[in-house]
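S.K.: The sequence and its predicted three-dimensional model are supplied below.
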Amino acid sequence: MDTDVFRAWITDIATVIREQRDHLTQLDAAIGDADHGANLDRGFTAVAAALEADPPASPGAVLTLTGRTLISKVGGASGPLYGTAFRRAGKSLGDTSDVDLTALAAALEAALGGIQQLGAAKEGDKTMVDVLAPATSAFSKAVAEGQSAADALGALVAAAQAGAEATVSMQALKGRASYLGPRSVGHEDPGAASSALILAALRDAVLASP
C-alpha cells in the first residue's frame with residue numbers, strides 16, 4: 001500500500017461523508033448537536049484540498065496532514081478525536097513508502113489508543129470506540145493469522161458495522177448524548193456511524209489498488 005492508496009482512502013472518505021452528511025446529522029440531531037455530518041463534511045473537504053495543494057510524499061505524511069487539518073477545521077469533539085487518530089496513525093507509519101498489513105494494523109491500533117486517551121471512552125460507552133476497538137481487534141487478529149488483505153479488511157468492516165449497530169441499544173455514558181440518560185437508548189451513535197464509514201472507505205481504497 002503506497003502513498004496513492006492512502007490518498008485514495010482520504011479522498012473516498014471525503015466523498016462518502018458528503019454523501020452521508022444528512023444521515024449523520026440526523027443521527028446527531030437525536031442525541032447530540034445535529035452538526036456531526038456538517039462538521040465532518042467541512043473537515044474532509046478541507047483535507048482533500050490540502051492533499052491536492054501539497055501532495056504528501058508518504059502514507060504517514062498523508063495521515064498526519066489529514067489529522068492536522070481536521071483538528072484545525074472541525075469543531076466539537078469529532079475534530080480533535082479524529083484528528084488525533086489520524087496523526088497517531090501517521091506517526092506509527094513513519095516515513096515508510098510502502099505499508100504492509102502488519103504496519104496498517106499497528107497504525108489503526110495507534111489511532112484507537114489516541115482516541116481513548118483523549119476521550120477517555122471504553123467499549124460500551126456508546127461512542128466511536130464501540131466501532132474502532134472491535135474492528136481494530138478483528139483486523140489485527142486476521143493479519144496475525146496470515147489472512148489475505150481482502151479477508152482481513154472484510155473482517156475489519158464487518159466488525160465495524162456490527163459495532164455501530166450495537167450502539168443503538170446502549171445508553172450513552174460520554175459526551176453530550178450522556179445528558180439524555182436512558183433517552184439515548186434506541187439511537188445509533190453518530191461517531192460510531194462515521195467511524196464505520198471511514199473504515200469501509202479504507203477497505204475500498206486498498207482493494208481498488210493495483
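M.R.: Ah, there it is.

S.K.: in this protein, which spans are helices?
M.R.: With helices called from DSSP state H, the chain shows them at 3-19, 21-31, 36-53, 59-73, 78-93, 101-119, 129-144, 149-166, 190-208.

S.K.: Residue 176: which of those helices is closest?
M.R.: Of all these, helix 21-31 sits nearest to residue 176, with 7.4 Å by Cβ to Cβ. No exception for glycine: its C-beta is placed from N, CA and C like everyone else's.

S.K.: what packs against that closest one?
M.R.: helix 36-53, helix 190-208 (3 or more Cβ pairs under 8 Å, 6 or more residues apart in numbering; DSSP states H and E).

S.K.: Alpha carbons of stretch 168-178, in CSV - could you do that?
M.R.: Extracted C-alpha coordinates of stretch 168-178, given in CSV (Å, rounded to 0.1, in the frame of the first residue of the first chain):
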residue,chain,number,x,y,z
VAL,A,168,-28.4,1.5,19.2
SER,A,169,-29.2,-0.4,22.4
MET,A,170,-26.6,1.3,24.5
GLN,A,171,-27.1,4.2,26.9
ALA,A,172,-24.6,7.0,26.3
LEU,A,173,-22.0,7.5,29.0
LYS,A,174,-19.8,10.0,27.3
GLY,A,175,-20.3,13.4,25.5
ARG,A,176,-23.5,15.4,25.0
ALA,A,177,-25.6,12.3,24.5
SER,A,178,-24.9,11.2,28.0
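
S.K.: Show me which positions of it end up buried.
M.R.: Within stretch 168-178, the residues that count as buried by 16 or more other Cβ atoms under 10 Å are 170-172, 174-175, 177.

S.K.: Show the average pLDDT along it.
M.R.: Averaged over stretch 168-178, pLDDT sits at 84.

S.K.: And stretch 42-60, by the same measure?
M.R.: The predicted model gives stretch 42-60 an average pLDDT of 96.

S.K.: what about it, distance to the chain center?
M.R.: Counting by Cα atoms, centre = their mean, to the nearest Å, stretch 42-60 is centred 16 Å from the centre of its parent chain.
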